[in-house]
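1. need a 3D model of the sequence below.
(one chain, ligands or ions: 1)
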Amino acid sequence: MVLASAAPGIFSAGLDILEMYQSTPERCVAFWRALQDAWLNLYGSRLITMAAIEGHSPAGGCLLAMSCDYRVMAEGKFQIGLNETKLGIVAPFWFTDVMLNTIGHRETEKALQLGALYSAQQALSIGLVDKVVPLAEVMPTVEGELKNWLQIPAAARVITKTSMRKAVLDRLRSQKEKDAQFFADFINRDSVQKSLGMYIASLQKKKN
Ligand SMILES: CC/C=C\C/C=C\CCCC/C=C/C(=O)SCCNC(=O)CCNC(=O)[C@H](O)C(C)(C)COP(=O)(O)OP(=O)(O)OC[C@H]1O[C@@H](n2cnc3c(N)ncnc32)[C@H](O)[C@@H]1OP(=O)(O)O
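-> As a prediction, this is how the structure comes out:
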């Protein structure tokens, strides 16, 4: 399975910030449950999963990419990373766990505290992506890599993948409702809503 985007220049802009702003607790819980299930399915997928990152990939977009088995990113101006702290929010523990599994403890600690967004070359240097190529070569490169992975006996690959990811998946599975409730409570704090409001205004201002 290849994750790619139809939006030029954006692999994924992350979670819909407007869903987290001035929403109701019930809607926040439903929103979070949908995200949890999508991620559990992706990270726990038995399929070979590859990200064709042909554009920006902040926050939830970075989570999607990191949750794949292999990442190819376009060189140039695009950025990738978990930038949550810059929005005044905190990357949930399962976002953190996936990043730890991808780039290790020291790089994750720096990346998360700073809310760092990396260029493709920087992402490559810390292991956040596996390959950087010109934009037009992203999809052919993914397809070529996929052929390599498809040559591995499927049962052996799936058992290996499942055992490598089980602890992180089980950690969320065991506390889904608590996590959803925590999200709804956290996101509706006055201080967090204020930060989100300012961030949305800054995105709109950038455009004008
Ligand atoms: C301990 C704590 C535990 C538990 C939980 C607590 C906290 C919750 C954590 C939640 C985790 C959050 C994850 C996320 O994914 S948050 C989202 C982060 N995303 C971003 O910061 C990206 C913001 N967008 C951008 O930087 C740019 O838009 C982007 C992607 C670089 C593209 O730039 P450009 O091509 O110039 O396009 P525009 O900026 O003009 O955007 C077009 C249009 O889209 C709107 N938009 C962009 N991103 C989002 C988004 N994520 N959600 C909603 N809307 C978005 C933008 O405002 C423009 O709208 P307009 O109406 O003006 O056309």
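2. kindly provide the distance from residue 53 to residue 105.
-> 24 Å (Cβ to Cβ, to the nearest Å). All C-beta atoms are positioned from the backbone trio N, CA, C, and that covers glycine.
3. give me the more crowded residue out of those two.
-> residue 53 (30 against 9; other Cβ atoms under 10 Å).
4. which ones are touching the more buried one?
-> 11, 65, 71-74, 78, 80, 120, 129, 138 (Cβ atoms under 8 Å, 6 or more residues apart in numbering).
5. which residue packs closest to it, ignoring adjacent ones?
-> Counting by Cβ to Cβ, 6 or more residues apart in numbering, residue 53 lies nearest to residue 73, which is 4.0 Å off, once chain neighbours are set aside.
6. repeat for residue 60
-> residue 14 (3.6 Å).
7. what residues are up against the one you found?
-> Residue 14 is in contact with 58-63, counting by Cβ under 8 Å, 6+ apart.
8. give me the pLDDT for it.
-> On pLDDT, residue 14 comes in at 98.
9. report the secondary structure state of it.
-> Under the three-state scheme (DSSP: H, G, I helix; E, B strand; the rest coil), residue 14 adopts coil.
10. against the ligand, how distant is it?
-> According to Cβ to the nearest ligand atom, to the nearest Å, residue 14 and the ligand sit 3 Å apart.
11. could you do residue 106 as well?
-> Residue 106 sits 21 Å away from the ligand, going by Cβ to the nearest ligand atom.
12. ok, residue 28 next?
-> Between residue 28 and the ligand the distance is 9 Å, computed by Cβ to the nearest ligand atom.
13. buried residues, whatever helix or strand that residue lives in. List them.
-> Residue 28 is part of helix 25-43 when elements are defined by DSSP states H and E. Under the neighbour-count criterion of 16 or more other Cβ atoms under 10 Å, helix 25-43 has 28-29, 31-32, 35-36, 39-40, 42-43 buried.
14. centroid residue for this protein?
-> Centre of the chain computed as the mean C-alpha position; nearest residue by Cα atoms, centre = their mean is residue 63, 1.2 Å away.
15. the nearest residue to it once chain neighbours are set aside and residue 78, how far apart?
-> Leaving aside its chain neighbours, residue 63 sits nearest to residue 95 (5.2 Å; criterion: Cβ to Cβ, 6+ apart). Distance of residue 95 to residue 78, given as Cβ to Cβ: 20 Å.
16. now do residue 186
-> Distance from residue 186 to residue 78, by Cβ to Cβ: 29 Å.
17. of the two, give the one with the bigger neighbour count.
-> residue 78 (23 against 14).
18. got the contact list for that one?
-> 9, 11, 53-57, 119-120.
19. and if we set it to 10 Å?
-> Neighbouring residues of residue 78 by Cβ atoms under 10 Å, 6 or more residues apart in numbering: 9-11, 53-58, 117-120, 123, 132, 135.
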